[in-house]
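> Generate a structure from the sequence data that follows.
(one chain, ligands or ions: 2)
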Amino acid sequence: MARVVIDNVSKQYGGLQVLHNLSVEIEDGKFVVLVGPSGCGKSTLLRMIAGLETISGGEMNIDGRVVNDLAPRERDIAMVFQNYALYPHMTVADNMSFALRLMRRDKEEIGKRIDHASGILALTPYLARKPAALSGGQRQRVAMGRAIVRDPKVFLFDEPLSNLDAKLRVQMRAEIRDLHDRLKTTTIYVTHDQTEAMTMADQIVVLNQGRIEQVGTPLELYKSPANLFVAGFIGSPA
Ligand code: ADP
Ligand code: MG
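Residues are numbered from 1 along each chain as shown. Ligands and ions are numbered 1, 2, ... in the order given. Next up is the predicted model:
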């Protein structure tokens with residue numbers, strides 16, 4: 001069964017239609033990359049899945065539930081943003097546990113989850129530090145830790161690596177993919193970077209001007225691009 005079903009979904013801002021009747025199914029446990037040029041509607045779609053934008057038309061289903069009218073915290077998702085949005089005055093541990101404390105989870109449970117996440121992310125030595133005393137890669141990991149401790153059904157990433165230098169970006173690609181291979185949490189990852197899409201994805205959804213051009217594995221897109229846009233964007237020889 002698909003974990004996230006997007007059925008004929010559209011979005012308008014005032015009179016401007018930015019997403020046109022999108023339909024796609026995200027299979028359980030897959031790492032799906034939503035790729036396309038800047039302004040094509042990637043963040044809008046991801047924010048609609050997260051519940052941070054209203055849905056103008058169609059239906060969104062997560063884990064068997066229609067979520068159109070559910071608040072973000074009722075959707076069992078966790079989102080990692082481009083700018084991490086860490087709290088500068090809180091330690092790494094407090095940043096990671098903030099949402100759980102808001103939900104009034106018990107202290108022992110929170111402690112276990114932080115141990116688990118910080119172990120996976122190699123953050124255990126840094127739990128008492130503030131974000132300012134961390135490297136860019138470590139801050140990125142704290143942002144991921146904050147998502148992991150919530151044990152969501154779906155991870156959403158919006159261009160999480162675009163603030164990192166090129167070398168770190170390549171390293172973090174591998175780390176995020178490795179994390180997924182360990183946790184197997186269904187992931188929807190937004191990027192405008194074709195290389196990121198081709199190296200990280202199980203499935204790629206190519207978006208252009210608010211429409212889906214093609215859905216397929218990296219190899220399928222490379223070997224059989226549906227049209228010239230996909231061929232040009234993915235960089236295949238067709
Ligand atoms: P991407 O993430 O692919 O770069 P976005 O989803 O951010 O694209 O934006 C898609 C389109 O929607 C763009 O034309 C953008 O200007 C427009 N848009 C995004 N957010 C808003 C908003 N809050 N109000 C009006 N237009 C918006
Ligand atoms: Mg965006």
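> if I look at M103, how far off is F155?
18 Å (C-beta to C-beta, to the nearest Å). All C-beta atoms are positioned from the backbone trio N, CA, C, and that covers glycine.
> So for these two, which sits in the more crowded spot?
Legend: neighbour count by other C-beta atoms under 10 Å for M103 and F155, higher for F155 (23 against 10).
> Can you classify the more buried one as helix, strand or coil?
strand (DSSP: H, G, I helix; E, B strand; the rest coil).
> who does it bridge with?
A78, T187 (DSSP bridges).
> doesn't T185 make contact with it?
Yes. Counting by C-beta atoms under 8 Å, F155 touches T185, with 5.3 Å between them.
> who in this protein is up against ligand 1?
Contact residues, the chain versus ligand 1 (C-beta under 6 Å from any ligand atom): 13, 18, 36, 38-44.
> Would you reformat those as TSV and include secondary structure?
Shown next, in TSV, are those (three-state DSSP):
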residue	secondary structure
Y13	strand
V18	strand
G36	coil
S38	coil
G39	coil
C40	coil
G41	coil
K42	helix
S43	helix
T44	helix
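> Report the buried members of these.
18, 36, 40-44 (16 or more other C-beta atoms under 10 Å).
> biggest helix in the protein, by residue count?
helix 166-183 (DSSP state H).
> Show me which positions of that helix end up buried.
Applying 16+ other C-beta under 10 Å to helix 166-183 flags 168-169, 172-173, 175-177, 179-180 as buried.
> again, but for stretch 117-125
The neighbour-count check on stretch 117-125 (16+ other C-beta under 10 Å) flags 117-118, 120-121, 123 as buried.
> likewise stretch 52-65?
Going by neighbour count (16+ other C-beta under 10 Å), the buried part of stretch 52-65 is 53, 55, 58, 60-63.
> now do stretch 86-101
By neighbour count on 16+ other C-beta under 10 Å, the buried set for stretch 86-101 is 86, 91-93, 95-97, 100.
> which of the residues you listed lies closest to F31?
Nearest to F31 among those: M96, at 22.3 Å, using C-beta to C-beta.
> Quick check: that closest one touching R146?
Yes. The pair M96 and R146 qualifies as a contact (C-beta under 8 Å) at a distance of 5.1 Å.
> I figured V67 hits T54, correct?
No. V67 is not in contact with T54 according to C-beta under 8 Å; the separation is 11.8 Å.
> For the residue lying closest to P160 once chain neighbours are set aside, give me the backbone phi and psi.
Take P160 and drop its neighbours on the chain: the residue closest to it by C-beta to C-beta, 6 or more residues apart in numbering is V80, 5.1 Å away. Dihedral pair for V80: phi -110, psi 120, per degrees, to the nearest 10.
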